Every structure is written in C-alpha cells, then in structure tokens.
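Visitor: Build the 3D model from these lines:
(2 chains)
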Amino acid sequence: MTTTAESRDTRVPVTVLTGFLGSGKTTLLNRILTEHHGMRIAVIENEFGEVGIDDALVLDAEEEIFEMNNGCICCTVRGDLIRILGALMRRREKFDHILIETTGLADPAPVAQTFFMDDEIAAQLRLDAIVTLVDTAHVLQHLDEVKPEGVENEAVEQIAFADRVVLNKTDLADEETIGHVIRRVRAINSGVRVIPAQHARIDLQQVLDVGAFDLERVLADDPSFLTDTEHQHDATVTSVGIDLPGELDEDKLNPWLGTLLRTKGVDIFRSKGILAIAGAPKQYVFQGVHMLLDGEFGRDWRDGEERRNRLVFIGRNLDREELELGFAACLATAGAVA
Amino acid sequence: MPGHGGGGRVSTAVEAPTVWDIAVDDAPVSLSARGDLVAVAGAEGTVRVLDAAMGAETVSLELPGGALSVRLAPDAGHLAATGPMGYALWRRTGGRTTVRESGAWSAAAAWADPERVAIASGRRALVLDTDGEELWRTDPAASTVTDLAWMRQGRRLAVAAYGAVHGHERHTPKPVVTYPYVGSHLALAVAPTGRWICSGNQDASIHIWRIRDAGDLTMSGYPEKISRLAFDDSGFWLAADGAPDITVWDFSGKGPEGTAPRSLRCHETITALAWRPGAGGHLASGGDDGTVALWYATAGRAQQRLRPARELTGDGAAVAALAWAGPHLLIAAYRNGRVRAYGVPSRAAL
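Guide: Now for the predicted structure:
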C-alpha cells in the first residue's frame, strides 16, 4: 500500500471549550497551555479568567451575536470571533492551534456557524471539536432546570453540541451520580465521547486535534453513535440515529434533507452522516449545524464493503419515526421493484 | 481598446518601473499615503512612516497589541494608527507619539480635516484633536464599531456597526440620523458627491442609502461578505469585493438601481482596492495570489466583464494593501513584509 497524495488540510484547528462556570474550563485551559506539547496556541477568552502563559497569546472578547440576512432564522454568527480570528490570521507568527473559551451561558450554535458562514475564516481555520466540561456533581441540576417558555437551557444545548464531554470533578461525585450523568448525557447526545476526569486532568489527545468536524472522520471514531437511548422519554433534546443498508437516490435525498433542515432546522442542533449515493464510488459525508449543511465526497467504498447509510440528528422534539420513514423513502429502491 | 500599443502585440506583462522596494519586519495590514508620506501598519503593531519619494523610513512607532489600520491626516502632519488594544497618534512636527492602550478594539480611524480625527473605540467613536484630547464621543453602538466615514465636509460622522449605520454630529452623542439594516456592516463608503452612503455587509450584500432622503437599496447575491468598498474621486463609481470579480457600480444620475455592474476579473480573492486619484476611472486591485492589477474600470458597458490593463506580478506573497501616493506612484504592501512603489508615469494611461 502506498499513501496517496491526498490534499492534507493545512488549516489551523480550533477547539471550542464550553461549560458552566465552575466546571473547570480555566483549569483545563491552563493544563493545555502548560503541558509540554510543543504547540504554539492562541486563546480567545469570553470569560475573564486567570490564564496568562508566556508561550500563548491570550485575547479577551465580548460575545457579539449577529443575525444573517439569508432567510435562515436560526443563522447567527459571532461577530467578535470573526473580527479577532481575522486579525490573528494576519499575523506573521503562525499558531498550531486556537482555543476559544466561551462563557458558561454561551450558545454554541453561533460559534460553530461562524466556521460555516464566513469564507475568510473557513479558508484558514477549521473547527476541530466542541468540548463541553461539566461539573459531575452539579450538572444534573442545571440540566433539569426548568426554563421559561422560549428560553433555552444552556447546559442542555452545550451537551447537545458537544463532540467531547469532559465529566470533570468525578472525585466529588459518587458512582451512582456518575452513572446517572453519563446516561443523561447520552440521552441528549448519544454519540458523544464522554471523558471522566478529576481536576480536568485528561489526555489532551482526546480533546485537541481530534477532527470531530472533519468530514472524513465524522462518525468513524464514534462507533457508539447509534446507541439507542430510550431511558429518557421525557427529554425534549435527544438524538436519533439511523443505520440503513442500501443506496440513496440523490434526487430524493436532496429535497428531503433540504426541506427537513429548512423546516426543522431550528430544532435540529446538529446532524452528521456518512451516506451511500447510488452511482457514486465514494462515501458522501456531511455535517450540519441547525440549517447549515456542509457535505462532500469522502473515501471510496471498499471492495466488498456493504453500502449503508449512517446518520444522526441531535435536537429538540425529534420525531424518530418520521425521520426514519422520511429517510428510508430516499433509498434508490424505495417504492420500486428491486 | 485601452492603451496605445506602440510596438504592436509584444507582451502585456510590461513591468511598471519599481521606484523603490523595502522590507518591513511585520506583516503589513494597512497603508496610507498623503502628501510626501506613506505609512505602513503591521499586524503585530509596527507602524512605519516612509518618505514617499524614496521609501526611506522617517519614523517608526509601536502600537501594543497589534495594528488594524493606519491613516495619515490630509496634510500629512499627523497620523492615527488603530488596533485591537487601542490607538496611537503621531505628530510630524517634533515627532511626538501618543499611545492609548484603552483595551478597546479600534477598527478604524478617519480624519475630518487636518485637525480632527475620529477613532473607533469599542462600541463608540471618539473624535479627537491632534493632541489626542477628546472633543466629543458617540453613544455606544449595538456592537463593536467596524468602520467610520465623514459626511458633509467633516461635520457629520458615519459610524458602522451591527444593525445600522448612524450619523452623529458634534455635541449630540445620540445619532442625528440612522440608516438601519439588520446585519453586520463591515465597511463604509461615502460618495464625494455627498449623495450616497454605502455599507458592505457580512451577509454578502451592499446596502446603499441616498443621503437626501435615506431612500435605500440592497445589492445582494454576492458569494462572500463585502469587506472593501471604495468610491472614486468623482463619486460616480463604486468598486467592491465580495466575489472573485471586482464589481464596479455606476452611481451617476439616478444611481445604480436597476443597473448591472462591470465585472473585473483577475484575482481569486481580492485583498485590496484603490482608485487612482482623479476622475479617470483608473483602479488598482490586489489579490491573495500576489498580483496587483491595474484597470480602466469604467470602460465598456454595464454588465461587461473587463480584463486588467496591466498586471504587476510580485514574488507570490499576498497583497495586503494598496495606496496611491499621488497619481503617479502606486504603493503595494505584501504580507511577507515587502513594500513596493510602482511608477505610473502617464496620467491618461496605465
């Protein structure tokens, strides 16, 4: 086997750290900055922390959320990040990694959408992963907090958007609570990788440069993403995973997915999948945040590999049956005699 | 066809004579040329003031926290540099530098006249005298201020931020006029005719207001955000980025409503636009690929796609900024730190 000359993504990876006040974001940040990994890191802080390390550039920012006039009502971006990241990329000194620490109350959607919506940023930076820290002993009370009509529960959103959940301060919680928290996290975001930790002590390889937003790697490292979670029938934010063998008719898939995201995109926080398109030798890989979708052809289907479709939706009030039926109707053989 | 083609079809790659060529120890982000001076600001905060004729450095100053923009006063007697952590003023006579590390994001500066400068500072604009004393300030805008421009011969200040462009006058912190448009306004251009004010937007559109009655118009359908907008000296032509093609809109007569722009095709990504002084419709543009193109930007008809009159190829480094030091000298700053002055001897031709 020889390595093919694949175009390597040379864009600078960006990790977004979310989590409530007290979940250990600053501790993790300091750990990342002081560990001898040899990387030059820039940090953008939305919360005034105690971070100040010689080797890192630390920039403070105040959250500025901008609506986009593109007919997509949930489409907001972070003006502060566009501005700061833009200025950062004009410097001569090159960074190996950028960390964005959001406030405990931040909505991760505008942060993620910034990387989809701004071409200048998308050309130079790639969103690597959203890492959410939780204080194991206290997260359930945040998740269970009943918010007034129309107000989001930020803790639930931060779990729903996460690619990695760091279950911090496990030393301060009993086994039963830990188990309960893990089940609860998976009920919201079934595929997410959960990393238990104390004092935010984790293997940094589990959170940095993991490629969770890398279309080539979507799902590949999350075999558990289809774990069906039926523990929490009452939870409004859940995951719906679909695994269906066969090939899809592009002319059916596009309108279905387009209509779905247009009409339900407000409630669908994240979507991702690897699909088999009839007639295409390569896997179709996509990744979405609310109404925005980014897709491309990935690797070739291998000889003898079963053509199948795996996708997951994470969101509010998802109708599993409707999603399954709708998706199944996109199969090339659907409604026809095979 | 533009040009005179003296020796028949030889080569279009006629190099403009390089008048000078220097290197600065920073990545340039902004250029300003006024009178006999050229100022270059680098991303890390180095601001150099050069003599336009020779490129010799006359002074350099440091803006802690980096630089975003630099603007010389119209008489080249002062300079304002702005950056993510504050701003600096420099006085030519006596060479005094005043640095204000305000901690607020200063995106832009605009001189009303040789004595007064507006500085974006966080969500406000400050109007300062040349000693840096504050004359007046605006109320906070909805977001960090992105750009500034003077209207009515320096009596009214237009401030761009999220959601609207506001017009402010002295002693009235509240805006005297509001041009609303939901979205993030990134760049401002006011026509020298005093008839139009335009903003380039994050949502890939240009928003246009007729100053007389605030009648508005949106030019949408650009593939990318509009970060650069510029009127020529006549005020009849507006050049904009937002696509691989530069669009040039005709603002003469009733304005661009219902018309199509000329498209200027040379770069993949536009990084700089600068009209040559005068009303000849000569435009310089720079690209990410390092090319500087010179255009008869108003030639031909509406909707026509134009090709450059000339291309100046650098050494491959992206063009960071362009500025004309008078009609005969085009200054180009490149991301790798090179700053070059190209001679353009003929007033009528490029």
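Visitor: Might one say that B:Arg96 is in contact with B:Leu79?
Guide: No. With contacts counted by CB atoms under 8 Å, B:Arg96 stays clear of B:Leu79, the gap being 11.2 Å. Quick note: C-beta positions are derived from backbone N, CA and C, even for glycine.
Visitor: which neighbours do the two share?
Guide: B:Trp90 (CB atoms under 8 Å, 6 or more residues apart in numbering or on different chains).
Visitor: If you count surrounding residues, which of these two has more?
Guide: Taking neighbours as other CB atoms under 10 Å in any protein chain shown, B:Arg96 and B:Leu79 compare with B:Leu79 leading, 28 against 13.
Visitor: Tell me if that one really is in a strand.
Guide: Yes. Counting by DSSP: H, G, I helix; E, B strand; the rest coil, B:Leu79 falls inside a strand.
Visitor: Give me the neighbour count for the residue nearest to it when sequence neighbours are not counted.
Guide: Spatial nearest neighbour of B:Leu79, excluding adjacent residues (CB to CB, 6 or more residues apart in numbering or on different chains): B:Trp90 at 4.3 Å. Using other CB under 10 Å, B:Trp90 has 24 other residues around it.
Visitor: what about B:Trp90, which SS state?
Guide: Counting by three-state DSSP, the backbone at B:Trp90 sits in strand.
Visitor: you'd agree B:Leu37 is up against B:Gly55?
Guide: No. Using CB under 8 Å as the test, B:Leu37 is too far from B:Gly55 to be in contact (11.1 Å).
Visitor: who has more neighbours, those two?
Guide: B:Leu37 (21 against 17).
Visitor: what are the pairing partners of the helix or strand bottoming out on mean pLDDT in chain A, and which direction each?
Guide: Across the helices and strands of chain A, mean pLDDT, DSSP states H and E gives its lowest value to strand A:57-60, namely a mean of 78. Here strand A:57-60 is paired, per DSSP bridges, with strand A:41-45 (parallel).
Visitor: who touches the partner strand?
Guide: Under the contact criterion CB under 8 Å, 6+ apart, strand A:41-45 has outside partners A:29, A:32-33, A:51, A:55-61, A:81, A:84-85, A:88, A:95-101.
Visitor: Can you flag the buried ones in the residues you listed?
Guide: Neighbour counting by 16 or more other CB atoms under 10 Å in any protein chain shown classes A:29, A:32-33, A:51, A:56-61, A:81, A:84-85, A:88, A:95, A:97-101 among the contacts of strand A:41-45 as buried.
Visitor: List the ones among those residues that fall in helices.
Guide: A:29, A:32-33, A:81, A:84-85, A:88 (DSSP state H).
Visitor: Near chain B, list only the ones from the residues you listed.
Guide: A:Ile84 (CB under 8 Å from any CB of the partner chain).
Visitor: from what I can see, A:Thr263 looks like it's in a strand, true?
Guide: No. Under three-state DSSP, A:Thr263 sits outside any strand and is assigned helix.
Visitor: and it, how many neighbours does it have?
Guide: 11.
Visitor: can you check the one 3 residues further on too?
Guide: A total of 15 residues lie near A:Val266 under the criterion other CB under 10 Å.
Visitor: Contact partners for it?
Guide: Counted by CB under 8 Å, 6+ apart, A:Val266 has contacts A:73-74, A:290-291.
Visitor: pretty sure it is in a strand, no?
Guide: No. Looking at A:Val266 with three-state DSSP, it is coil, so not inside a strand.
Visitor: if I look at it, how far off is A:His290?
Guide: 7 Å (CB to CB, to the nearest Å).
Visitor: Overlap in contacts, these two.
Guide: With CB under 8 Å, 6+ apart, A:Val266 and A:His290 have common neighbours A:Cys74.
Visitor: Mind listing the strands the helix or strand of chain B with the lowest mean pLDDT pairs with, and their directions?
Guide: Taking mean pLDDT, DSSP H and E as the measure, chain B has strand B:310-313 as its least confident helix or strand, at a mean of 91. Strand B:310-313 pairs in its sheet with strand B:291-296 (antiparallel), by DSSP bridges.
Visitor: what pLDDT, on average, does the partner strand get?
Guide: Strand B:291-296 shows a mean pLDDT of 97.
Visitor: burial measure for the residue lying closest to B:Ala52 once chain neighbours are set aside, as a count.
Guide: Counting by CB to CB, 6+ apart, B:Ala52 lies nearest to B:Ala325, which is 4.1 Å off, once chain neighbours are set aside. Around B:Ala325 there are 23 other residues, counting by other CB under 10 Å.
Visitor: With A:Ser271 instead?
Guide: A:Ser271 has 23 nearby residues by other CB under 10 Å.
Visitor: pLDDT at it, what is it?
Guide: On the pLDDT scale, A:Ser271 gets 91.
Visitor: looking at this, it is in a strand?
Guide: Yes. Under three-state DSSP, A:Ser271 falls within a strand.
Visitor: Would you check that it makes contact with A:Leu323?
Guide: No. A:Ser271 is not in contact with A:Leu323 according to CB under 8 Å; the separation is 10.0 Å.
Visitor: Between the two, which contacts overlap?
Guide: Residues touching both A:Ser271 and A:Leu323 by CB under 8 Å, 6+ apart: A:Phe313.
Visitor: any low-confidence regions in the stretch 201-350 of chain B?
Guide: Along the stretch 201-350 of chain B, the model assigns pLDDT under 70 to no residue.
Visitor: tell me which parts of it are close to chain A?
Guide: B:201-203, B:205, B:220, B:223-225, B:227, B:269, B:320, B:335, B:337.
Visitor: Now, the residues you listed that are in strands?
Guide: Of these, the ones assigned to strands by DSSP state E are B:201, B:320.
Visitor: now, the most widely separated pair of the residues of the stretch 201-350 of chain B next to chain A?
Guide: Greatest spatial distance in these: B:Ser220 and B:Gly337, 37.1 Å, computed using CB to CB.
Visitor: Where does the prediction get shaky in the stretch 101-250 of chain A?
Guide: Across the stretch 101-250 of chain A (using pLDDT under 70), the flagged ranges come out as A:214-235.
Visitor: In the sheet, which residues pair with the residue nearest to A:Ile202 when sequence neighbours are not counted? Tell me.
Guide: With CB to CB, 6+ apart as the criterion, A:Ile202 has its nearest non-adjacent residue at 5.5 Å, and that residue is A:Ile195. Assessed by DSSP bridges, A:Ile195 has beta-bridge partners A:Val166.
Visitor: residue boundaries of the helices in the stretch 201-338 of chain A?
Guide: A:250-264, A:320-328 (DSSP state H, counting those that start in this stretch).
Visitor: typo on my end, the stretch 1-150 of chain A
Guide: Remark: helices assigned in the stretch 1-150 of chain A by DSSP H, counting those that start in this stretch are A:25-34, A:79-89, A:108-117, A:119-124, A:139-144.
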